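Chemist: Pasting the sequence and the predicted model now:
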Amino acid sequence: MLTTASPLPAERREFEQIIRENIDAQTGRRLRNIEVKLVGNKVMVKGEALSYYIKQLALASVLKTVRAWGPLQVMHDIRVKMMPKPEMGFYS
């Protein structure tokens, strides 16, 4: 089990993997290029989403997982990259 004071490298990797798996499960694998790092008492999450809803699901998953492990700060850089809408008359 992960300790919040000074986790060992193996525990860190295990916790990062758990967060990644929970994000995948919550978002239906719709968050791309996921990076999760545990540095001290901070969890840093990066990735790309196609909508703000997916970003919200990912953050909710991270917060739920972090609460179960202890008092950690969450920082994120999840960017929303929306698909451009087709031009009007494209299919006409």
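Modeler: On my side now, so go ahead. Numbers count the residues shown, from 1 in each chain.

Chemist: Which strand or helix spans Asn33?
Modeler: strand 32-39 (DSSP states H and E).

Chemist: Show me what that strand is packed against.
Modeler: Contact here means 3 or more Cβ pairs under 8 Å, 6 or more residues apart in numbering; DSSP states H and E; on that basis strand 32-39 packs against helix 9-27, strand 42-49. All C-beta atoms are positioned from the backbone trio N, CA, C, and that covers glycine.

Chemist: comparing these, which gets the lowest mean pLDDT score?
Modeler: Ranked by mean pLDDT, these bottom out at helix 9-27, with a mean of 91.

Chemist: distance between that one and the chain's centre?
Modeler: Distance of helix 9-27 from the chain centroid (Cα atoms, centre = their mean, to the nearest Å) equals 9 Å.

Chemist: in that helix, what counts as buried?
Modeler: The neighbour-count check on helix 9-27 (16 or more other Cβ atoms under 10 Å) flags Phe15, Glu16, Ile19, Arg20, Asn22, Ile23, Gln26, Thr27 as buried.

Chemist: repeat for stretch 24-41
Modeler: Buried positions in stretch 24-41, judged by neighbour count with 16+ other Cβ under 10 Å: Gln26, Thr27, Arg30, Leu31, Ile34, Val36, Leu38.

Chemist: what about that stretch, how long is it end to end?
Modeler: In stretch 24-41, first residue to last residue: 23 Å (Cα to Cα, to the nearest Å).

Chemist: now, among the buried residues of stretch 24-41, which is nearest to Ser61?
Modeler: Comparing those against Ser61 with Cβ to Cβ picks out Gln26 as the nearest, at 3.8 Å.

Chemist: which residues does the closest residue to that closest one other than its chain neighbours contact?
Modeler: In space, and not counting its chain neighbours, Gln26 is closest to Ser61: 3.8 Å by Cβ to Cβ, 6 or more residues apart in numbering. Applying Cβ atoms under 8 Å, 6 or more residues apart in numbering to Ser61 gives the contacts Ile19, Asn22, Ile23, Ala25, Gln26, Thr27.
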